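Student: predicted model follows, preceded by the sequence.
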Amino acid sequence: MYCEKLLEIRTLMTIFDQSYRSIKTIIITVLLILTTSSFGQSSDKFESFRRSDYPVEKYQITSDSVQFKDFVIEIRQVRNKSGYEPFSCRAWITIFNSGKPIYQKYFKAIDAVGSCYGIFIPLSQPRNDYFILSKLGDYDGRIFIVDSKGVVTEKPGGQFYVSKDKRYLFSDYYSDESGLTVFDFNTGQTLFSETIAPRLYEWYQKDNKFISRVELLNGQTSNTDYYYIDLSAKKLIPFKQNKDYLRSEDKLSQYIDNNTRRFCNCGADSQSGPL
């Protein structure tokens, strides 16, 4: 009788353990899905721009049209002069080929969240076979990389740095959440695009490595903690060095800084006129 009861208890424990593992697996899977989904915002359903919807006394409209290869890249933005309702900034990105749109992206409401917001084009492009622009705001920065065939790669990002040989792009996620996108111009491939634990600050090239400094919780930059990215293994590796390890000549060229941001709200005024 005792042995039978013991066998029943062991059987129940086995069933409970299997159930627990199944529930645990489900919970982990759901969390992974939620984490993956949070790395970037969902797309707004496209709505065409109508000038009559935005009276000049309430809204400022700006636009830029840029010729790139056989394409025209048009960026139109609407800024609410009075505040944040029903939106602060609304934007459209459209790529035309022979007058026909081949790519359209619509942002119904881009929020300032205490910093620059809107769609921004750097004053110069790092290469002539790609065109790059960025979206800031919403705690969800994005980078758009357009190749010579009109194919658009959209990834989490914001401002970006380019290696000295113009091959690699490094774009830190413009958000409270820390993330990084690395793009290889030569192959047209995204090598890395993930949320990460360290908050990185600026990119440098030294000792055949691409290195970033670490921003601390208090907003200061660590003088001894660094990360470099192993492009073959596609992972970030921490290391320590002295405070004078990196020099100004090691720093990579930065694009989309405070002096070149200009559309919905940040930096200099838009260089294009109202429509």
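Tutor: In hand now; what should we look at?

Student: where do the helices sit along the stretch 101-250 of the chain?
Tutor: In the stretch 101-250 of the chain, no segments count as helices under DSSP state H, counting those that start in this stretch.

Student: just the strands in it please.
Tutor: Taking DSSP state E, counting those that start in this stretch, the strands of the stretch 101-250 of the chain run over residues 118-120, 130-136, 142-147, 152-156, 160-162, 168-172, 179-184, 189-195, 199-206, 209-215, 221-230, 235-240.

Student: who does the next helix or strand after the last one pair up with?
Tutor: Looking back up the chat, that one is strand 235-240. Beyond strand 235-240 in the direction of the C-terminus, DSSP states H and E gives the next helix or strand as strand 253-255. If you go by DSSP bridges, strand 253-255 pairs up with strand 160-162 (antiparallel).

Student: how far is the strand it pairs with from where the chain is centred?
Tutor: Averaging C-alpha positions (Cα atoms, centre = their mean, to the nearest Å) puts strand 160-162 12 Å from its chain's average.

Student: what does that strand contact?
Tutor: Residues from elsewhere that reach strand 160-162 (Cβ atoms under 8 Å, 6 or more residues apart in numbering): 126, 132, 134, 143, 168-172, 202-203, 252-256. The way it works is simple: take the backbone N, C-alpha and C, and place the C-beta from them, glycine included.

Student: what is the nearest of the residues you listed to residue 65?
Tutor: residue 132 (16.4 Å; Cβ to Cβ).

Student: rank the strands of the stretch 101-250 of the chain by pLDDT, which is bottom?
Tutor: Mean pLDDT across these is lowest at strand 118-120; the value there is a mean of 91.

Student: which stretches of the stretch 51-200 of the chain have low pLDDT?
Tutor: Within the stretch 51-200 of the chain, the segments meeting pLDDT under 70 span 114.
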